[in-house]
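Mind folding the following:
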Amino acid sequence: MNELRFCTYTHKLVYDEDKLLQRQLIVLKNKDGVIEKWTDFHKYARSGKKTASRSVFSGNDKRCVTVCIFLNYIFFDKYNINKLTDVTASMVKDFLNDYGLCRLPGDNEDTHRSQNTVNSCINVIMDFLELMIEDNPKTKLKIADLYRTENVFSKTKRKYIKRRVPVFEVNFKPQYKKIFRDLPEGAFQIIMNEIVANHRNVLMLAALGAFAGLRPSECCNVRRADSALGAGIMFETVDGEVTNVLIDLTEEKNLRSDLISVGGIKKERVQKVYPAFIEAFMSCYDMYMEYITGKPYEKEYGALTNSSTGKAYTYDSYYMEFKKVIKDCIPIMLNDSDQKVVNYGHLLQENNISPHILRHWFSVKLTLYGEDTAGLMNWRGDKSPESALTYLMDKSELEKEYEIVSDEIFNYSLWKAEKQHGTDQL
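Residues are numbered from 1 along each chain as shown. The predicted structure is shown next:
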């Protein structure tokens, strides 16, 4: 039995010809990855808030993944219960503390989980167990053994809200290493130049993140202007000059013949390119469209960015390509005349960054341009104000770290390739 592990299984179904419905299930697999048993535990892996309906785009979150970690812990790793209703409060307490303190099987000295990650795990497990208890009223575990409800004042919602608090203490291990995401302007130039010169296949993914603020997975969802599924990117012009660029993120569509998801859209919307970045964005777009002329792609889907096989880029493949970009950028940064860029290059030798760094650069720029909370939420495509407030609270520090920029226009010439390499690549 110890050779079995709880894992997620994603069931996929295409409907209305282009829409991809996904549902995550929890299964038992053997050591060879073969499914030995199907469970119905997925029905508990959802929010405890009662809703009468469910979005067709749901089912691609991390709840089932978190629940599988918990199930493996109580069934196989530390305890050996035979059925879910045998779980006790002490098991839950042990799991949450081992999760927060990074003591789970497979964790090592490099494992870190932030307070937000630990709190998210607590909520997922509490939701899971609450629904299980409701479905199995004879189980010995009771909700009162897990948490109590307190009224706390929410600064963001400006009112008192009910919050669940575990009846036992849950600890986490703070990370004292500096958060590694601030991107010096010179380092941004080098990254964009390297993409233009040697990784042009992901140029539009990078441009969508840096100049439209899209999340990396959302970048992979963007379709061509002539996509058979409807225009994914649209241009408004005045006297032949592009004055507005609109990106259709109103729903997740199936963009690959193998039904592999390219990634999620966190907030369905039509997103505009920030006005100050339109010139730089269009330069990238024109260059990229010329680059992909004659290259294969699946016309029935029309993804904007495709791999060498002609299938739409997924977030995972984009992340791997971005890692190659950063690896190629490090020697250039270490030889730069700007000491900040050199220091950043040294940090990159010991730290990993993801394509999300481009969205962070975008957010910093908009903060320095003077956007308020509502403006940042709009241009970033945020559902809640927490992230925007984080940038605004740090604005004074950002102004010290970065040169003050004009609130009218982005200095496009700063990152032109000829400035770095003496070539006419942009």
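
pLDDT averaged over stretch 335-352 - what is it?
For stretch 335-352, the mean pLDDT works out to 91.

Tell me the buried residues in that stretch?
336, 341-342, 344-345, 347-348 (16 or more other CB atoms under 10 Å). The C-beta positions use only the backbone N, C-alpha and C, and glycine is treated the same way.

Could you do stretch 325-336 as well?
Here stretch 325-336 shows 325-326, 328-330, 332-333, 336 as buried, counting by 16+ other CB under 10 Å.

Go through the buried residues of stretch 335-352 and flag which are in helices.
341-342, 344-345, 347-348 (DSSP state H).

and residue 27, helix, strand or coil?
strand (DSSP: H, G, I helix; E, B strand; the rest coil).

any idea how far it is from residue 41?
9 Å (CB to CB, to the nearest Å).

hang on, the earlier thing: would you mind putting the buried residues of stretch 325-336 into a markdown table with distance to residue 47 and secondary structure alongside?
As requested, the buried residues of stretch 325-336 are exported to a markdown table (distance: CB to CB, whole Å; DSSP: H, G, I helix; E, B strand; the rest coil):
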| residue | distance to residue 47 | secondary structure |
| --- | --- | --- |
| 325 | 37 | helix |
| 326 | 36 | helix |
| 328 | 42 | helix |
| 329 | 41 | helix |
| 330 | 42 | helix |
| 332 | 46 | helix |
| 333 | 43 | helix |
| 336 | 47 | coil |
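
mean confidence for stretch 369-379?
Here the average pLDDT along stretch 369-379 is 92.

cool, and stretch 217-237?
Stretch 217-237 comes out at a mean pLDDT of 97.

Which residues does it contact?
With contact meaning CB atoms under 8 Å, 6 or more residues apart in numbering, stretch 217-237 is reached by 18, 204-205, 208-209, 214, 242-249, 252-253, 255, 262-266, 285, 299-305, 312-315, 318, 355, 381.

I'd like to know which of those are buried.
Buried among those (16+ other CB under 10 Å): 18, 204-205, 208-209, 214, 242, 245-249, 252-253, 255, 262-265, 285, 301-305, 312-315, 318, 355, 381.

quick revisit: just the ones of the contacts of stretch 217-237 in helices?
Per DSSP H, those map to helices at 204-205, 208-209, 285, 315, 318.

hmm, which two among the residues you listed are most spread apart?
285 and 315 (20.8 Å; CB to CB).

all strands for this protein, in order.
For the chain, the strands defined by DSSP state E cover 5-15, 19-29, 35-38, 147-154, 159-166, 233-238, 241-249, 269-272.

just to revisit the earlier point, which of the ones in helices among the contacts of stretch 217-237 sits closest to residue 73?
For the ones in helices among the contacts of stretch 217-237, the nearest to residue 73 is residue 315 (27.6 Å; CB to CB).

Next, the contact list for the closest one, please.
Contacts of residue 315 (CB under 8 Å, 6+ apart): 216-217, 220, 262-263.

again, but for residue 293
Per CB under 8 Å, 6+ apart, neighbours of residue 293: none.

isn't residue 208 right up against residue 202?
No - in this structure, residue 208 is not within contact of residue 202 by CB atoms under 8 Å, at 10.2 Å.

List the contacts of residue 87.
74, 81, 129, 141.

which of these has the most neighbours?
Highest neighbour count within the contacts of residue 87, by other CB atoms under 10 Å: residue 129, with 25 neighbours.

Spatially nearest residue to it, not counting backbone neighbours?
Nearest residue to residue 129 in three dimensions, chain neighbours excluded: residue 146, at 6.2 Å (CB to CB, 6 or more residues apart in numbering).

Pretty sure residue 165 is one of the things that neighbour touches, is it not?
No - using CB under 8 Å as the test, residue 146 is too far from residue 165 to be in contact (10.0 Å).

so where is this structure shaky, pLDDT-wise?
1-2, 48-61, 155-157, 175-181, 394-426 (pLDDT under 70).

rerun that using 80 as the cut-off
By pLDDT under 80, the weakly predicted segments of the chain are 1-2, 14-21, 47-61, 110, 153-158, 175-182, 386, 390, 393-426.

intersection of neighbour lists for residue 27 and residue 41?
Common neighbours of residue 27 and residue 41 (CB under 8 Å, 6+ apart) are residue 6.

Which strand residues bridge residue 20?
residue 14 (DSSP bridges).

ok, now which ones touch residue 79?
Residue 79 neighbours (CB under 8 Å, 6+ apart): 73, 91.

Please apply the same query to residue 85.
132, 136, 138-141.

just to revisit the earlier point, JSON lines please, covering the buried residues of stretch 335-352 and showing distance to residue 110.
Putting these into JSON lines (distance: CB to CB, whole Å) gives the following:
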{"residue": "336", "distance to residue 110": "28"}
{"residue": "341", "distance to residue 110": "26"}
{"residue": "342", "distance to residue 110": "25"}
{"residue": "344", "distance to residue 110": "21"}
{"residue": "345", "distance to residue 110": "21"}
{"residue": "347", "distance to residue 110": "16"}
{"residue": "348", "distance to residue 110": "17"}
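
Closest one to residue 153 out of these, please.
residue 347 (38.2 Å).

measure the closest one to residue 292 for me?
Relative to residue 292, and taking CB to CB, residue 347 is found at 33 Å.

now residue 84
When residue 84 is compared with residue 292 (using CB to CB), they lie 50 Å apart.

can you check residue 191 too?
21 Å.

neighbour count winner among the two?
residue 191 (26 against 17).

Need the nearest residue in space to the residue of the chain most remote from its centre, chain neighbours excluded.
What lies farthest from the middle of the chain is residue 138; by CA atoms, centre = their mean that is 39.6 Å. Closest residue to residue 138 apart from its sequence neighbours, by CB to CB, 6+ apart: residue 85 at 7.8 Å.
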